[in-house]
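Engineer: Following is a predicted model, sequence given first.
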Amino acid sequence: MITLNHVQKQFGSRVIFKDCSLQIGVRDRLGLIGPNGSGKTTLFRLILGEESADGGEILIAKGVKIGYLPQEVISFRGNTILDEVLKSLTNITSLQDKMKILEEELSSIQDPKKQERLANEYGKLQERYTLLGGYGLEAEAKRILQGLGYQKMDFDRFTDELSGGWLMRIALAKILLQSPDLLLLDEPTNHLDLASLIWLEEFLANYPGAMMIVSHDRVFLNHLIDRIAEIEGQKIDLYYGDYDHYLEEKEARIQILEATYKTQQRKIEQTERFIERFRAKNTKSSQVQSRIKMLEKIERIELPDKEKEIRFRFPAPARSGHKVVEVKNLHKRYGETVVYQGIDLALYRGDKVALVGPNGAGKSTLLKTLAGVLDFEEGDVVLGKDVTRAYFAQHQFDILRPENTVFEELLSVTTDESQTELRTILGTFLFSGDDIEKKASVLSGGEKSRLILAKMLLKPANFLLFDEPTSHLDIPSRNVLEMALKQFQGTICLITHDRHLINEIANKVIEIDKGIPHLYSGNYEYYLYKKQQISSEERRQEVKNEAKVRVEENEKVEKKKTKYTAKEERRKRAQEMDQFKRQLSGLEKRFQEVEKSLYDATQKLDQLDQKLSNPNLYLNQQETYETVQNHKQVKEQIKELTHLWEFLALELEELKRMNIPATAKE
């Protein structure tokens, strides 16, 4: 569909791409990664034709439609939210406008002949509108908007009222509704909450076209992409598989490259020693010249510069009391909308809590209440002994002094850190070179967020509250934040759409559902596991309830029967017993099959573990790739089989306890 052949691109003396090639097929799902400034946005602009290549060619198949979501906030003015999304469908909106004009004319014209002519014309437009799916598109637009966090009551609001994050959701909705052949998405999850992110993930998983995604959310990439295109050293390197596999394969490639480099260096050193030793001997002159030419022809292997691994231990905060904060009988409402009605909650020293729940559930309201920046109508929020709070909100920029530089802002909270340490911390949060001399007044929203985060982590309170701390951070910076929060000795409460961060940091998850907090003691995976268990239990309870209803109905029918003979009754019971035995036998057989498959898969995983522990494997790149892929597939297979085994075991137990078979045995 799209082919880049030997593309070259540079800005002034700075080379971005050097002899780069890439192909994007009709169903490809690529993750585009690379350091900030490596050329990800430039690659998008080259594909869109907004930038021209200095060399090579970019071939795009005829008729290919491309949808592009940039990182920058897009401004929309003068339309309602729904109309702005539908406006993106130019053919449809043009027909709608014409139909509205004809409707107005038809209502004002009295002449029957003119009415008939306009009615015929209106019918043709209506037929065309139907063929283009016009009547279904409005429903689809509403579905997409709701998936991205808008409520039905929002559809008629004007876009002029919206913040930048909500405008970006409209831009995304417009692109998804257009359904182009190729989606170019630059950080699509930056402005989404967790519920909207999961909805987008499911939407894109079933998307019929191709996509190239720039994202710092590794879970999002793992669920959606089948190839990674990494921009590094002015090249584009392809890795087949998801982001986790990319990390494994890149490490394997580096090991192979280093081994090959060492072998080549030994050979070069041996050749150079031979040349030095026999350079002066006439009898060896031809051999010496031959080796000199050989050295000149060798294509020297170059090792990539190793990325510096940044690690920090941020200053330990003052120790708080055991109970950090207690919420008692909290009531909170916005006008007529009740958010919380008499909830109780307590957090303790060392808790690292993630707040999750659907959009509008009240997560930010609870976080702001705990942070002491939001009033409430009734109840108490009691801080524990020696508790100090620090609150991070994406738009809480008034704590920055506009006249200060970035470096001066960080310097204002330092204690005994050196200038080198401060510069390193700023570099971690993407401030490097002349960036640290920027005035706070000229920083973008993302830059301000990163600076506030750096200040918080340099001199933390003992109770930290975060609202989307990873927005605008790349994966290396997220790793630094993750390490800092892991080693933090105080208490944390955060809202984030980064599921990896929740999984690594949280020891408790609080789900807000219809104004009620539900506590899960564990990380994000445990939370999902318990939710799945609850759903399974609810399904089993529904089955039991249905069975109970059927039994009760049968009993009522039995009481009304007066003409059944004893023979007919025995036959019916025998049929029920036979049906139960067949159901039980089938379930037991399926259980045994799954149990054997699980055993075989476990044996296979042990074999693959042994194979991966053999260093000789990594000398063969293809075999390494296949082994890693097999290992990953078998692990996933074991996970699925384990869940199925547990479900079947519970179903067997439930079936054996059911009353219907017992009745049949009487």
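Structural biologist: On my side now, so go ahead.
Engineer: Within its sheet, name the partner strands of the helix or strand encompassing residue 355 and how each one runs.
Structural biologist: Assigned by DSSP states H and E, residue 355 belongs to strand 352-356. Using DSSP bridges, the strands paired with strand 352-356 in its sheet are strand 491-495 (parallel), strand 508-513 (parallel).
Engineer: For it, the averaged confidence score.
Structural biologist: Regarding strand 352-356, the rounded mean pLDDT is 95.
Engineer: before we move on, what about stretch 298-305?
Structural biologist: 81.
Engineer: Kindly provide the distance from the nearest residue to residue 632 once chain neighbours are set aside to residue 31.
Structural biologist: Nearest residue to residue 632, sequence neighbours excluded (C-beta to C-beta, 6 or more residues apart in numbering): residue 245, at 6.6 Å. Where you see a C-beta, it was placed from the backbone N, CA and C, and this is true even at glycine. Distance, residue 245 to residue 31, by C-beta to C-beta, to the nearest Å: 11 Å.
Engineer: Please say which of these two ends up with more neighbours.
Structural biologist: Neighbours per residue (other C-beta atoms under 10 Å) separate residue 245 from residue 31, with residue 31 holding more: 24 against 19.
Engineer: wait, the more buried one sits on residue 223?
Structural biologist: No. Residue 31 is beyond contact range of residue 223, at 10.8 Å (criterion: C-beta atoms under 8 Å).
Engineer: In three-state terms, label residue 382 for me.
Structural biologist: Following DSSP: H, G, I helix; E, B strand; the rest coil, residue 382 is assigned to strand.
Engineer: Am I right that it is in contact with residue 328?
Structural biologist: Yes. At 6.9 Å, residue 382 counts as touching residue 328 under the criterion of C-beta under 8 Å.
Engineer: These two: who's more crowded?
Structural biologist: residue 328 (14 against 11).
Engineer: Surely the more buried one is in contact with residue 344?
Structural biologist: Yes. Between residue 328 and residue 344 a contact is recorded at 5.9 Å, counting by C-beta under 8 Å.
Engineer: model confidence over the next helix or strand along the chain from the strand holding residue 355, on average?
Structural biologist: For strand 352-356, the following helix or strand on the C-terminal side (DSSP H and E) is helix 363-371. When pLDDT is averaged over helix 363-371, the result is 93.
Engineer: Could you do stretch 172-179 as well?
Structural biologist: Mean pLDDT, stretch 172-179: 90.
Engineer: quick one: common contacting residues for residue 31 and residue 223?
Structural biologist: Common neighbours of residue 31 and residue 223, counting by C-beta atoms under 8 Å, 6 or more residues apart in numbering, are residue 242.
Engineer: Residue 17: how many residues sit nearby?
Structural biologist: For residue 17, the neighbour count with other C-beta under 10 Å is 26.
Engineer: biggest helix in this protein by residues?
Structural biologist: Across the chain, the longest stretch assigned as helix under DSSP state H is helix 566-612.
Engineer: what's downstream of that helix, the next helix or strand?
Structural biologist: Next along from helix 566-612, by DSSP H and E: helix 621-657.
Engineer: If I take that next one and helix 566-612, what angle do their directions form?
Structural biologist: Counting by axes from the mean of the first three to the mean of the last three C-alpha atoms, to 10 degrees, helix 621-657 lies at 160 degrees to helix 566-612.
Engineer: tell me what helix 621-657 is packed against?
Structural biologist: Judged by 3 or more C-beta pairs under 8 Å, 6 or more residues apart in numbering; DSSP states H and E, helix 621-657 is in contact with helix 243-278, helix 524-560, helix 566-612.
Engineer: Just want the angle from that helix to helix 243-278.
Structural biologist: Inter-element angle recorded for helix 621-657 and helix 243-278: 160 degrees (by the same axes, to 10 degrees).
Engineer: Could you give me the buried positions within helix 621-657?
Structural biologist: For helix 621-657, burial by neighbour count (16 or more other C-beta atoms under 10 Å) applies to 624-625, 627-628, 630-632, 634, 637-638, 641, 644, 647-648, 651, 655.
Engineer: Understood, closing this out.
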